[in-house]
Each structure stands twice: as structure tokens, then as C-alpha cells.
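> Provided below for reference: sequence and predicted model.
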Amino acid sequence: MQNPFVYGEVVPLSAFADRVAELDRLVADLAAGQKIFLISPRRYGKSSLVRRALAAMAKQGALTVEVTVSSYSSYVAFLEGYARAIVSAETRWDRARTWLREVIRSARAEVHYSPDASPLGSISVSFPNVRSERDQSRLAQEVFALPSRLAEARRRKVVVALDEFQGIAGFDGGSVEHALRAAVQHQREVGYIFAGSEPSLMERMLGPKRPFYKAGPVIRLDKIPADEFSAFIDARFARSGIRSESGLGAAIVELAGNLPYDVQRLAHETWDEVRADGRRRATLDDLHLALRRLLTEQQMMFEALWQRLKAAQRGVLRAVVLEEGRGLLSVEVRERHRLGGASTVQYALGALVRDDLIGREGDRYVVVDSLLREWVARRTF
Ligand SMILES: Nc1ncnc2c1ncn2[C@@H]1O[C@H](COP(=O)(O)OP(=O)(O)OP(=O)(O)O)[C@@H](O)[C@H]1O
Ligand SMILES: [Mg+2]
């Protein structure tokens, strides 16, 4: 029996919950060649949703390309990775090399192919003589034109997903945005998804003075509705041959703050707890055992994190946990937790938000990682 819950990677189809409306919308927009922005905080499920949308488009006959922008250490490395991803969508290797060399004229493109286990073998692309900024921007123009070239060569729709798109800000921001926007707006046969997980950065990128202003629809991904997610969890337990005590799914979703990653992590570890004992029924006690085990495993990491925080931030983080994120600036809460002046609290909140430790949800602050929340509640004073 395999654990039916998956976390820390793009979820396979069988572990994918809900997102029906979002998926429909994405697929319709992509089919229309739109340039879509998909924004959410970390671990909400963007990459998983993108993967599903690409699979749906591939089924309709489109060629799909996926690149994780933030994994490249430099602009040129990104251009190489992007070119490589596009060339890999061409099934005939010799043809791919020919049209790549036709389009990339400003730089020498070195294309290597090594047959390996995968059906197409593996391809690498490098631009060894690109040095100055001017070389880079000329090359970028040509690389960003590749998707439409692929669409033409194969006479198919093309869909490009650039995940962790906020990462382009790290490659001298402004000019990259310009070049990419200029290229994509003419590519009517190519749909794009720009997915980003730093909402404030992404929203700024869509502001009125920036190249991507009004470039296309914006989808802000929310959490999965709690009742649907809990029903899904209970059903997955049942399908794997382990019956869950009534209310277990709901308790997992609640404890996880309904963050998709945390929900799957708690469910996965609870399932393991039950399975290790060879039992066929999962209870709330199992959930708590799993939680305790996870807290122990993460102890060192949380301690290190706690040490790194300034004293004021520690106090405010504790107050966010104990007050469930409400009324932090009020005199009462500040006195109860000895937080000091309102401006100090405000400042510490800002720092914790920037560090991705807490986030805003409606009228309150929440600790992003539910394990950290529990750890702060139980192990700090
Ligand atoms: N639709 C879903 N159904 C069930 N679980 C999900 C779903 N989407 C995401 N998850 C859970 O959340 C985890 C993170 O998903 P994913 O990597 O897609 O999110 P992300 O927003 O791309 O995160 P990051 O910002 O860290 O890249 C998955 O490993 C899975 O456990
Ligand atoms: Mg992701």
C-alpha cells in the first residue's frame, strides 16, 4: 500500500483536489493564446495547477513548455534553459537544431544532443560567447521569439509556462520584462502562464508603469475550500483501505491552516502513523502523534529560525500565534505580550511578512507554516 498523500512536489493527478474552476479558466484562456498571470503565496498549488493545465492543453494537441525561472543563476543561464526547453518540444532533433540556428543569429548557439534513457535523449543549449549587456539583450530578443517559431515549424499551438516568474527581477529586472513583454504580445498562437509566488513583487510587476501592465488576465489563486479539502482527505484515506475517524479530515485541514502543502503533509504523516502499526483506522490521536513527531523533526530548524529573529519579532510572532493574529496593535494586546509601542509592532510585523513567516488573511495575520505555529505555541515562552 502506498501513501496516498503527496507533499513537497507537484501533485500527481490522483492526489490533486478541486481547482476545477481555475483549471477551466486557465485552459480556456491558454487556448485563446492569452498571457495569464497566476499569483499566490508559496505552497498554494500553483505549480501543480500549471502542470494540470499544460497536460490538458497537450491533450488538445498543443506543444507545452515549462521553465522554472528562479532556478537559473544568471540571465544567460536562463536564456539557455529557455531555449533548451523550447527546442526539446521539437520531436525531430535535426529539425530543432536547424531552426534554432536560423532564429538565433546574434550569438553562437552550441547545441548538443546525447541519446539517453528518455525517448528523445537529452539536449543542451549554450551561448558561450555572450558577454556584454548588449549581447545579452540581442540574444534575449531572439530567444523570446522562439515559441512562435516553434508554433510555425510544427503548425501547432504552443503553451509556455514560466514558473517562479518573480525570479526575473533578479536578472536586472527592467530590461528583461520589457523584452519579454514586447515579444509575447505579438505571439497570438502562443499562450503563456507567468506563475509567481511572491504576491507583492508580482503585483508590482503588473503596475501601471511596468511593461506587463494589462498584458493579460490575472488569476489570484486562493486556498481550496476547507469543506471540499476535508472531504477529499477522508475519501483518500478510505480508498487506501484506512478508515478515518469522523472529523479527521476537517481536523487536518484546520490544523494545517488549510494550506494545501501543510494539509497533505499532515495527512501523509498521519497515514504513516497508522500504517506503521498495521492498523486500518485513523484517529485524531494519530494526527496528534504525527504532529508531535513532525515538531521534533523540525526542532533544530525552528530553533535556528527563532535565534535569527530580533527580540521584538519573537514577541510579535508569539502574539500572532496566541491572539490568532488579531488586534496586534491594540493597547491591550501590546501590554499583555509586552510588545512595546505600536510602531515597533508594526515594524516587526512588516519584517515577518517580508520573511514569509506570516501573511495576511482577511482581517488577521496567520503564521504561514502551521508546524512553526504549533512549535511557537508549545515550545517558546
Ligand atoms: N490541488 C491540490 N490538491 C491537493 N494538494 C495540493 C493541490 N495543490 C497543491 N497541493 C499540495 O501543496 C503542495 C505544494 O504544491 P505546489 O508545489 O503545486 O505549490 P506552489 O504554489 O507551486 O508552491 P511553491 O510556491 O512553493 O512553488 C503539493 O506538494 C501538495 O502537497
Ligand atoms: Mg511552485
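Structure received. Ligands and ions are numbered 1, 2, ... in the order given.
> what helix or strand is F5 on?
Of the helices and strands defined by DSSP states H and E, none includes F5.
> for it, what are its contacts?
Contact analysis of F5 by Cβ atoms under 8 Å, 6 or more residues apart in numbering lists A15, I233, R236, Q264, R265, A267, H268, W271. All C-beta atoms are positioned from the backbone trio N, CA, C, and that covers glycine.
> 10 Å instead?
Counting by Cβ atoms under 10 Å, 6 or more residues apart in numbering, F5 touches 11, 15, 233, 236-237, 240, 252, 263-272.
> out of those, which touch ligand 1?
V11, A15, Q264 (Cβ under 6 Å from any ligand atom).
> ok, of these, which one's closest to ligand 1?
Comparing the ones next to ligand 1 among the contacts of F5 against ligand 1 with Cβ to the nearest ligand atom places Q264 closest, at 3.2 Å.
> what is the three-state secondary structure of the closest one?
helix (DSSP: H, G, I helix; E, B strand; the rest coil).
> and for R220, the neighbour number?
12 (other Cβ atoms under 10 Å).
> so it sits against P199, correct?
Yes - under the contact definition of Cβ atoms under 10 Å, R220 touches P199, with a separation of 7.8 Å.
> just the buried residues of the contacts of F5.
11, 15, 233, 236-237, 240, 252, 263-271 (16 or more other Cβ atoms under 10 Å).
> flag the least confident of those residues.
Checking pLDDT across the buried ones among the contacts of F5, the minimum falls on A15 at 90.
> can you give me phi and psi for it?
Main-chain dihedrals, A15, degrees, to the nearest 10: phi -100, psi 10.
> without its sequence neighbours, what residue ends up closest to it?
V6 (4.5 Å; Cβ to Cβ, 6 or more residues apart in numbering).
> wait, what's in contact with that neighbour?
Counted by Cβ under 10 Å, 6+ apart, V6 has contacts P12, S14, A15, F16, S48, Y261, Q264, R265, A267, H268.
> once you drop chain neighbours, what's closest to I224?
Nearest to I224 is D18, by Cβ to Cβ, 6+ apart, at 4.8 Å.
> same question for V143.
L79 (4.8 Å).
> continuing past the helix or strand containing that neighbour, what's the next helix or strand?
Using DSSP H and E, the element containing L79 is helix 75-88. Scanning forward in sequence from helix 75-88 by DSSP H and E, the next helix or strand is helix 93-103.
> what's that following helix packed up against?
The contact analysis (3 or more Cβ pairs under 10 Å, 6 or more residues apart in numbering; DSSP states H and E) places helix 93-103 against helix 75-88, strand 110-114, strand 122-126, helix 133-144, helix 146-154.
> gap between it and the chain center?
32 Å (Cα atoms, centre = their mean, to the nearest Å).
> touching that helix from outside, list them.
83-84, 86-90, 92, 108-109, 111-113, 115, 120-121, 123, 125, 142-143, 145-146, 148-150, 152-154.
> can I get that helix as PDB, trimmed to CA atoms?
Output in PDB follows, covering the C-alpha atoms of helix 93-103 (Å, rounded to 0.1, in the frame of the first residue of the first chain):
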ATOM      1  CA  TRP A  93      16.200  16.700 -33.300                       C
ATOM      2  CA  ASP A  94      17.900  17.700 -36.600                       C
ATOM      3  CA  ARG A  95      15.000  20.000 -37.400                       C
ATOM      4  CA  ALA A  96      15.200  21.500 -34.000                       C
ATOM      5  CA  ARG A  97      18.800  22.400 -34.500                       C
ATOM      6  CA  THR A  98      18.200  23.900 -37.900                       C
ATOM      7  CA  TRP A  99      15.500  26.200 -36.800                       C
ATOM      8  CA  LEU A 100      17.200  27.200 -33.600                       C
ATOM      9  CA  ARG A 101      20.300  28.300 -35.600                       C
ATOM     10  CA  GLU A 102      18.100  30.200 -38.000                       C
ATOM     11  CA  VAL A 103      16.500  32.200 -35.300                       C
END
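> and the angle from it to helix 75-88?
Computed by axes from the mean of the first three to the mean of the last three Cα atoms, to 10 degrees, the angle separating helix 93-103 from helix 75-88 equals 140 degrees.
> quick check: mean pLDDT of helix 93-103?
83.
> stretch 316-328 now?
pLDDT averaged over stretch 316-328 gives 97.
> chain center to it, what's the gap?
Centre-to-centre, stretch 316-328 and its host chain are 27 Å apart (Cα atoms, centre = their mean).
> how about it: buried residues?
Here stretch 316-328 shows V316, L317, R318, A319, V320, V321, E323, G325, L328 as buried, counting by 16+ other Cβ under 10 Å.
> where does the first one sit, in terms of helix or strand?
Read that as V316. Counting by DSSP H and E, V316 is part of helix 311-322.
> and the residue in the stretch 1-150 of the chain that ligand 1 sits nearest to, what does it touch?
Nearest residue of the stretch 1-150 of the chain to ligand 1 (Cβ to the nearest ligand atom) works out as G45 at 2.5 Å. Going by Cβ under 10 Å, 6+ apart, G45 touches 10-11, 16-19, 22, 51-52, 221, 223-224, 259-261, 264.
> same thing with M57?
L26, V27, L30, A31, L63, T64, K157, V158, V159, A161, G191, I193.
> any idea of the mean pLDDT for the helix holding L79?
Rounded mean pLDDT across helix 75-88 is 93.
> what packs against it?
Partner elements for helix 75-88 (3+ Cβ pairs under 10 Å, 6+ apart): strand 63-68, helix 93-103, strand 110-114, strand 122-126, helix 133-144, helix 146-154, strand 158-163, helix 174-184.
> ok now the helix or strand containing A58, how far from the chain's centre?
Assigned by DSSP H and E, A58 belongs to helix 46-59. The chain centroid and the centroid of helix 46-59 are separated by 13 Å under Cα atoms, centre = their mean.
> I am finished for the moment; much appreciated.
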